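**Q** prediction below, plus the sequence it came from.
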Amino acid sequence: MPPPLPPSLPRHLRRRRFSTAPASHHPPPASRLAEQHCLRLLERSSTPAAVLQSLAFLLKSGLNSNPLVLTRLFASSACAAPALLEPLVAALLGPSVPIDAFLVNTLIRAHATSPFASARLCAAAFFPLMLRSAVLPNKFTFPFLLKACAALPGSPGVGLQAHAAALKFGFTTDQYASNTLIHMYSCFGGGFLGDARNVFDRMPKSSAVTWSAMIGGYVRGGLSSDAVGLFREMQASGVRPDEVTVLGLLAAAADLGALELARWVGRFVEREGIGKSVTLCNALIDALAKCGDVDGAVAVFQGMEERTVVSWTSVIDALAMEGRGKEAVGLFEEMKTVGVPPDDVAFIGVLTACSHAGMVDEGRGYFDSMKMEYGIEPKIEHYGCMVDMFGRAGMVEQALDFVRVMPMKPNPIIWRTLVAACRAHGRLELGESITKNLLNEYPAHEANYVMLSNVYALTQRWKEKSEIRREMSKRGIKKVPGCSIVELDGEVHEFIAGDESHPQWKEIYMMVEEMARELRRIGHISATSEVLLDLDEEDKEGALWWHSEKLAIAFVLLRTPGTQVRVVKNLRVCADCHAAIKCISRVYNREIIVRDRSRFHRFKNGSCSCNDFW
DNA sequence: CTAGGGTTAG
């Protein structure tokens, strides 16, 4: 008898127990050789011919349900187009091939994990085939099927059918299937979070996977504070969080801008010995940066012994968010030097950094190098970075030219970027005409109305402005209210422009008035003189002094002595608030950090880290 | 052959 296994055998040794490889010295069986032959064919070339050749060999050797080969087969770039995909599947399911659960499971999974949308779209379609062939699903079927459905957020109906089938065949008590159900429903969007929660509530919560699925679902649905609440319940229940749980928590912290939470997660991971994997460090960098602690994010990056392109990109994004373009570009260069080739996402990071720091020439160089040096075809996001870069720098014509030469149809984001440039640089007629076209094409998008309404306000065309308002209410379109949050003693306080729901609202409003008096005393002039610089999406009708960030700052000034003030805002800071906060930082001698919808402003001694370039 | 997860233009 072999001695019992020690409790924590190294991973590679544990794996061996599940290996299908023969333990003895016998030569590998014929099926093994055939499998390897198929894989080699696919490795050598991904042309349709090679794929077909591999398939033919597969069928000839009776390997039709070999998961390894099938997965590679459907991951081959030849399967990007339905033209090859369909005959392939038809050949696989030919009359001479017996259909069993194993084959269908493998087909579902291979399609669901294919890098090609056309293959992923039809993954779930293999399940009906199973029913038609009177084959019973096994315990592997529903985890695969439900995950395939999760990738189709546009057609939740398929997922609902899959859930019904899981019920019918009695697999909903299975933990694996139930966890995937939670995941699937939360992928269908906010309206299905209740369904996810229903599944969650009905199952035993003995595994970290169940909790992580629900926590991740809340984050995905934009309910990050519920995610944090659920994490606290999880701790109370005694289930030990693992790495994935903590990743969800970090995403929630990043979303909420909850710096203390993000830092706590960093310590928690240390304390619980969860292990700082590369993935976890990447998430930590991202969360710290999005909570305004860029230096902390850089410190985590510096401490990593192994870094992937995602780590580099995360730290470059972190620096870009604070407008530290030179440092971001420096890291991008260092990344290339140490032999990590940038991918398309890394280029978005470095282009954003250039854009936010006014480094137009550098940005142009990087954009050109994408294709020339790395063979990466720029996507619409990269063109968007360039349009933004020219626009911010006041080169509105160049921005427009870029849109004209783009090889793809400009999307609303591109147009809105242009409009922001027009507004920032006084090109109001151009901005207005672009916005009008945009409204014709996308009448349901709230931001477009607000944009046009603000253009009218800037040009003092009040009649047109009120027409826009009427049009919005007629269509039932609501403006997202400006909202700012601050964390104080582990509690999150939320402020909405002009609202009076905070228990201390009277004191806060008195404080805001006092701030206004102080600022007037030192010569700060409100609003209108800077109106052309205003990029804000917020309604200008309300008094500028009741903007949510001012309320939040007043609250923190009231409640704390000379500490740092950190505010997270859902929209962009308007020009008046920006100018006012600069003064506040001087008059009250406080460092004030405001997280925008897109970046950070660090106010100190009357100036801002963005150098008024935003 | 089983579940939950990291960076992405404004």
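**A** Happy to help now that I have it.

**Q** per-residue pLDDT of residue A:533, please?
**A** Residue A:533 carries a pLDDT score of 32 in this model.

**Q** could you check how many residues crowd around the residue of the stretch 501-614 of chain A at minimum distance from DNA strand B?
**A** DNA strand B sits closest to residue A:598 of the stretch 501-614 of chain A, with a gap of 4.6 Å, by Cβ to the nearest atom of the strand. Where C-beta positions appear, they are placed from N, C-alpha and C, glycine not excepted. For residue A:598, the count of nearby residues is 13 (other Cβ atoms under 10 Å).

**Q** tell me the SS of the closest residue to it other than its chain neighbours?
**A** The shortest distance from residue A:598 to any non-neighbouring residue, by Cβ to Cβ, 6 or more residues apart in numbering, is to residue A:572 (6.8 Å). Taking DSSP: H, G, I helix; E, B strand; the rest coil as the rule, one finds residue A:572 in the coil state.

**Q** gap between residue A:247 and DNA strand B?
**A** 5 Å (Cβ to the nearest atom of the strand, to the nearest Å).

**Q** other SSEs contacting whichever strand or helix holds residue A:284?
**A** For residue A:284, the element it lies in under DSSP states H and E is helix A:278-290. Judged by 3 or more Cβ pairs under 8 Å, 6 or more residues apart in numbering; DSSP states H and E, the packing partners of helix A:278-290 are helix A:243-256, helix A:259-272, helix A:294-303, helix A:309-321.

**Q** angle of that helix against helix A:309-321?
**A** Angle of helix A:278-290 versus helix A:309-321, following axes from the mean of the first three to the mean of the last three Cα atoms, to 10 degrees, is 10 degrees.

**Q** how far off helix A:243-256 does helix A:278-290 point, in degrees?
**A** 20 degrees.

**Q** just to revisit the earlier point, okay, the residue nearest to residue A:598 and residue A:69: tell me how far apart.
**A** According to Cβ to Cβ, to the nearest Å, residue A:572 stands 51 Å off from residue A:69.

**Q** check residue A:137 too.
**A** When residue A:137 is compared with residue A:69 (using Cβ to Cβ), they lie 22 Å apart.

**Q** ok, these two, which is more surrounded?
**A** Between residue A:137 and residue A:69, counted using other Cβ under 10 Å, the more crowded position is residue A:69 (25 against 21).

**Q** surely the more buried one and residue A:59 touch.
**A** No - under the criterion of Cβ atoms under 8 Å, residue A:69 makes no contact with residue A:59, lying 10.8 Å away.

**Q** mind listing the helices for the stretch 51-200 of chain A?
**A** Counting by DSSP state H, counting those that start in this stretch, the stretch 51-200 of chain A has helices at residues A:67-75, A:82-92, A:101-112, A:117-121, A:126-132, A:141-150, A:156-168, A:175-187, A:193-202.

**Q** okay if I get those helices as JSON lines plus mean pLDDT and distance to residue A:453?
**A** Formatted as JSON lines, the helices of the stretch 51-200 of chain A follow (pLDDT from 0 to 100; distance: least, Cβ to Cβ, whole Å):
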{"stretch": "helix A:67-75", "mean pLDDT": "75", "distance to residue A:453": "48"}
{"stretch": "helix A:82-92", "mean pLDDT": "75", "distance to residue A:453": "44"}
{"stretch": "helix A:101-112", "mean pLDDT": "87", "distance to residue A:453": "44"}
{"stretch": "helix A:117-121", "mean pLDDT": "85", "distance to residue A:453": "37"}
{"stretch": "helix A:126-132", "mean pLDDT": "89", "distance to residue A:453": "49"}
{"stretch": "helix A:141-150", "mean pLDDT": "96", "distance to residue A:453": "38"}
{"stretch": "helix A:156-168", "mean pLDDT": "96", "distance to residue A:453": "34"}
{"stretch": "helix A:175-187", "mean pLDDT": "97", "distance to residue A:453": "34"}
{"stretch": "helix A:193-202", "mean pLDDT": "97", "distance to residue A:453": "32"}
